[in-house]
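S.K.: Could you look at this predicted model? Sequence included:
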Amino acid sequence: MSLSFTLNGQPCATQAPDHWTVLDLLRDGLGLMGTKYGCGEGVCGTCTVLADGQPIRACLVLAAHVRGRVLVTVEGLERDGRLDPIQTAFAERGAAQCGYCTPGMMLAAKALLLENPSPSEHEVREALSGNLCRCTGYTKIVEAVLAVAGSK
Amino acid sequence: MHPFRLLEPESLPEAIETLGRLDGESRLVAGGTALVAMIRLGLVKPDRLVSLHRVPGLNRIRVDGGSLELGAMATHADIERSRTVRDGWPLLAEAVHRVATPAIRTSGTIGGNLAYAEAASDPAPALLCLNAEARVLGPGGERAVPLARFFRGFYEAALEPGEIVTAVRVPPPPAGARGGYVKFTSRSAEDKPLVGVAALVVLDGAGRCVEARIGLGGSAPTPVRADRAERALRGEALTDAAARAAAEAAAGEADPLSDLMGSADYRREMIRVWARRLLIALRDGTALRDGTR
Ligand code: FES
Ligand code: FES
């Protein structure tokens, strides 16, 4: 099937097998490896990307279902060579260890801040509740997101 | 993942026609949060999926003749954020907000949730309490199925081959209704509930239950209403003892399964605990937080 959508600010027209998910399309079709393959069944959240500003599980959403939508992956977070404040905060606060959960975490956080620029800690934890991290214990991740919220 | 062909009808008649002419194993897909996971796990191997994504207007949320009408493709996120739903049907907004995690709620749809007929659905007990009905369209035309008759068995909805849930209609809650949903999970907070309890009560000036409805998830092969518990409450003052007796009745009439999440006995015990706490919280107007083991 053919499909077109906006990917990280650029129009993207491509072909994909009918049964591909967004995760297959990004990694295998378009070679964008920033979006991670964790569980592949909707549990871990590391494949989280934004569709029209909302977080989705790339491993569960069929590629056909993002036709015409606006997708943002971790590769699209930086603007003109400048990191997104979320990326800077993660780096400065040590919110990544192995880094495998980090793209999904940052995009889940981005979706939250787009909708609610000054969330409470509870709201941050709720927004990240579908993203598992096996390294950090979450504390620094939550701190990094709150730091971005507080600096606005 | 098992390869399948994807068909994308652009209207409901075309979708019905498409489903009607397919042989082999075909499945209807809405958000895909359940079906795609099952395909990835190899639990189902359909040759074809028929997607409803291109049918316009199926995700509309509106009020029609006083009733809420949720298009089947409205996502849980659409519903929990809708002002209309939050203001007029807060019990539903509350239950839908507890489904899985934010990035699942943006894809999973209300029609898909009901058609999947998961016993531990979060929205179903609330919709049962609200006397909702499913609108079903098939080759023979349209019909309305009260939710109380919609769940036929374990993961089985009362849908004939070729039928599609197009909308969910929810009448307005009775005047003065207080509603709540509480979810108890045994593994992690974003899991489906071990048991979920929804309740809607109307109390008169003397604190008596003029109306009492209780819906249970994870408590039987399908989501159910707790009829005996409701009868125990109607006309009674909602005292601590009455709440305890109703919760006891709900636990008694439940028919839970044992699985990896917990045993039938444990589920029954949790129905007893959480139904009682929920009824008392509704009476007192206090907040009740979800429970995790
Ligand atoms: S890879 Fe998608 S949720 Fe784990
Ligand atoms: S940093 Fe390793 S999983 Fe989160």
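M.R.: That came through, no problem. Ligands and ions are numbered 1, 2, ... in the order given.
S.K.: What residues does chain A have near ligand 2?
M.R.: Counting by C-beta under 6 Å from any ligand atom, the residues of chain A lying close to ligand 2 are A:96-102, A:133-136. Every residue, glycine included, has its C-beta placed from N, CA and C.
S.K.: Look up the pLDDT of residue 42 for me, please.
M.R.: No chain was given, so I picked chain A. pLDDT for A:Gly42: 94.
S.K.: You answered for a different chain; I wanted chain B.
M.R.: The confidence metric pLDDT takes the value 92 at B:Gly42.
S.K.: Can you classify it by secondary structure?
M.R.: The three-state label for B:Gly42, taken from DSSP: H, G, I helix; E, B strand; the rest coil, comes out as coil.
S.K.: ok, it - contacts?
M.R.: Residues near B:Gly42 by C-beta atoms under 8 Å, 6 or more residues apart in numbering or on different chains: B:His2.
S.K.: Next: B:Pro173.
M.R.: Shown in contact with B:Pro173 (C-beta under 8 Å, 6+ apart): B:88-89, B:91, B:130, B:179, B:200.
S.K.: which one of those residues is nearest A:Thr14?
M.R.: Nearest to A:Thr14 out of these is B:Trp89 (C-beta to C-beta; 40.8 Å).
S.K.: Distance of A:Thr48 relative to B:Gly153?
M.R.: Distance of A:Thr48 to B:Gly153, given as C-beta to C-beta, to the nearest Å: 35 Å.
S.K.: Just the residues of chain A next to ligand 2: which are in strands?
M.R.: Cross-referencing these with the strands (criterion: DSSP state E) gives no overlap at all.
S.K.: Burial check on the one residue in the stretch 101-250 of chain B that gets nearest to chain A, number of neighbours?
M.R.: Minimum separation of the stretch 101-250 of chain B from chain A (C-beta to the nearest C-beta) falls at B:Thr101, amounting to 2.6 Å. B:Thr101 is surrounded by 23 other residues when neighbours are defined as other C-beta atoms under 10 Å in any protein chain shown.
S.K.: now do the one 10 residues further on
M.R.: The burial metric for B:Gly111, expressed as a neighbour count using other C-beta under 10 Å, is 27.
S.K.: Give me the spatial nearest neighbour of it, chain neighbours excluded.
M.R.: Distances taken as C-beta to C-beta, 6 or more residues apart in numbering or on different chains place B:Ala72 nearest to B:Gly111, at 2.6 Å, with adjacent residues excluded.
S.K.: That neighbour against B:Gly31, yeah?
M.R.: No - checked against C-beta atoms under 8 Å, the pair B:Ala72 and B:Gly31 is beyond contact range at 10.4 Å.
S.K.: if we can go back for a sec, filter the residues of chain A next to ligand 2 down to the ones in helices?
M.R.: In helices, judged by DSSP state H, the following of those are found: A:Thr102.
S.K.: Compare the residues of chain A next to ligand 2 and tell me which is most surrounded.
M.R.: Using other C-beta under 10 Å as the neighbour criterion, A:Cys101 leads these with 27 neighbours.
S.K.: so how far does stretch B:283-290 reach from one end to the other?
M.R.: Across stretch B:283-290, the terminal residues are separated by 17 Å (C-alpha to C-alpha, to the nearest Å).
S.K.: Which helix or strand contains residue 3?
M.R.: All of this is about chain A. Mapping A:Leu3 onto the secondary structure by DSSP states H and E places it in strand A:2-7.
S.K.: The intended chain is chain B.
M.R.: B:Pro3 belongs to no helix or strand when elements are defined using DSSP H and E.
S.K.: So which residues of chain A form strands?
M.R.: Remark: strands of chain A, listed N- to C-terminal, are A:2-7, A:10-15, A:48-51, A:54-57, A:70-72; assignment by DSSP E.
S.K.: Output stretch B:114-127 as CSV - backbone C-alpha positions only.
M.R.: As requested, C-alpha coordinates have been extracted for stretch B:114-127 and formatted as CSV (Å, rounded to 0.1, in the frame of the first residue of the first chain):
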residue,chain,number,x,y,z
LEU,B,114,-16.9,-3.4,23.8
ALA,B,115,-16.7,-5.7,20.8
TYR,B,116,-13.6,-7.4,22.3
ALA,B,117,-15.8,-8.3,25.2
GLU,B,118,-13.0,-8.4,27.7
ALA,B,119,-14.4,-9.4,31.1
ALA,B,120,-12.0,-6.9,32.8
SER,B,121,-12.9,-3.9,30.7
ASP,B,122,-12.8,-0.6,32.6
PRO,B,123,-15.5,1.2,30.7
ALA,B,124,-18.0,-1.7,30.6
PRO,B,125,-19.1,-1.7,34.2
ALA,B,126,-19.7,2.0,34.1
LEU,B,127,-21.6,1.7,30.8
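S.K.: what is the rounded mean pLDDT of it?
M.R.: pLDDT averaged over stretch B:114-127 equals 97, rounded to a whole number.
S.K.: Might you calculate how far it sits from the centre of the chain?
M.R.: For stretch B:114-127, the separation from the chain centroid amounts to 3 Å (computed by C-alpha atoms, centre = their mean, to the nearest Å).
S.K.: for it, which positions count as buried?
M.R.: For stretch B:114-127, the neighbour count (16 or more other C-beta atoms under 10 Å in any protein chain shown) marks B:114-127 as buried.
S.K.: next one: stretch B:87-105
M.R.: Across stretch B:87-105, burial judged by 16+ other C-beta under 10 Å covers B:88-105.
S.K.: Any idea how far it is from the middle of the chain?
M.R.: Using C-alpha atoms, centre = their mean, the distance from the centre of stretch B:87-105 to the centre of the chain it belongs to is 10 Å.
S.K.: Now B:Ala100. Nearest residue, chain neighbours left out?
M.R.: Distances taken as C-beta to C-beta, 6+ apart put B:Glu190 closest to B:Ala100, at 5.7 Å, once the chain neighbours are dropped.
S.K.: residues near the one you found, how many?
M.R.: For B:Glu190, the neighbour count with other C-beta under 10 Å is 20.
S.K.: Now it. Its backbone dihedrals?
M.R.: Comment: the main-chain dihedrals of B:Glu190 come out as phi -90, psi 0, following degrees, to the nearest 10.
S.K.: Can you tell me how far the closest residue to B:Tyr116 other than its chain neighbours is from B:Leu128?
M.R.: With C-beta to C-beta, 6+ apart as the measure, B:Ala34 is the residue that lies nearest to B:Tyr116, at 5.1 Å, once sequence neighbours are left out. Separation of B:Ala34 from B:Leu128 (C-beta to C-beta) stands at 20 Å.
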